[in-house]
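Here's my sequence, what's the structure:
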Amino acid sequence: MLYLLIAIVVVIAIFLIVGLTTPAAFSIVREADFKAPPQKVFAEINDFRNWAAWSPWEKMDPNLQRSFSGAATGLGSKYAWVGNKKVGEGNMEITRSQAPSNLELDLHFLKPFQAENVTEFTLTPNNGGTHFKWEMRGQTPFMLRMMKMFFDMDKVVGKDFDAGLANLRGVVEK
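Just a heads-up that it's a prediction; the model follows:
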């Protein structure tokens with residue numbers, strides 16, 4: 001019984017140490033090159049109504065409920081969603097829109113967990129096409145930092161970014 005108690009204390013200590021020593025800040029980045037001009041790519045990301053064609057999360061719930069408000073496109077444009085367990089619930093707002101090179105948005109997740117992140121898209125002309133960088137950054141809550149041994153946010157969300165880039169390529173290179 002004493003060994004079991006010691007083992008439990010050691011496991012709890014390991015989780016606490018991982019949580020305390022793992023950096024809170026995170027950044028997930030994916031990049032791709034498209035055979036389309038920056039203006040065409042920018043038009044797709046600057047209008048939330050276009051996201052259904054390329055966002056990987058839009059395809060995870062055929063019954064996704066969407067609402068749009070604020071500006072129709074660009075700065076001040078807002079998008080909210082409520083979906084199944086895979087997509088959860090949240091909202092985002094475009095906070096910087098500098099055509100055709102940069103778009104930034106505040107991203108708020110409400111369910112299945114609460115989080116506030118910043119997503120930034122950077123578009124650079126490249127050999128007649130566009131070099132596209134997609135980054136999401138934010139703070140990892142302490143409880144998720146303790147789970148770092150089992151849960152790698154870059155691997156989990158990175159797969160979705162990769163799918164989104166492939167979908168966006170299909171849209172802009174038509």
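
next structured bit after the worst-scoring helix or strand of the chain on mean pLDDT?
Of all helical and strand segments in the chain, the minimum by mean pLDDT, DSSP states H and E falls on helix 142-146, at a mean of 63. Of the helices and strands lying after helix 142-146 in sequence (DSSP states H and E), the nearest is helix 153-172.

all helices of the chain, in order?
2-21, 38-45, 142-146, 153-172 (DSSP state H).

Report the separation between the residue positioned nearest the centre of the chain and residue 102.
Nearest residue to the geometric centre of the chain (Cα atoms, centre = their mean): residue 136, 5.2 Å. Here residue 136 is placed at a distance of 15 Å from residue 102 (Cβ to Cβ, to the nearest Å). Yep, even glycine has a C-beta here, placed from its N, CA and C like the rest.

ok, now residue 25?
21 Å.

swap in residue 163?
For residue 163 relative to residue 102 (Cβ to Cβ), the value is 23 Å.

The nearest residue to residue 157 once chain neighbours are set aside bridge partners, please.
Excluding the flanking residues, the one nearest residue 157 by Cβ to Cβ, 6 or more residues apart in numbering is residue 28, at 5.3 Å. As for beta bridges, residue 28 partners with residue 136 under DSSP bridges.

How about residue 125?
Going by DSSP bridges, residue 125 forms beta bridges with residue 130.

List the residues that contact it.
Taking Cβ atoms under 8 Å, 6 or more residues apart in numbering as the criterion, residue 125 is in contact with 37, 38, 131.

most surrounded residue in the residues you listed?
Neighbour count (other Cβ atoms under 10 Å) singles out residue 38 as the most crowded of those, with 20 neighbours.

hang on, it packs against residue 122?
No - using Cβ atoms under 8 Å, residue 38 is not in contact with residue 122, being 10.0 Å away.

any common contacting residues for these two?
With Cβ under 8 Å, 6+ apart as the test, residue 38 and residue 122 both reach residue 101.

Pick out whichever of residue 25 and residue 102 has more residues nearby.
The neighbour comparison of residue 25 against residue 102 (other Cβ under 10 Å) goes to residue 102, with 15 against 8.

which residue packs closest to the more buried one, ignoring adjacent ones?
residue 122 (5.6 Å).

residues near the one you found, how many?
16.

And the pLDDT at it?
As predicted, residue 122 sits at a pLDDT of 98.

before we move on, what about residue 102?
The predicted local confidence for residue 102 is 98.

Any idea what it is bridged to?
Using DSSP bridges, the bridge partners assigned to residue 102 are residue 98, residue 122.

Is it correct that it is in contact with residue 119?
No - with contact defined as Cβ under 8 Å, residue 102 does not reach residue 119; the gap is 11.7 Å.

Thank you, goodbye.
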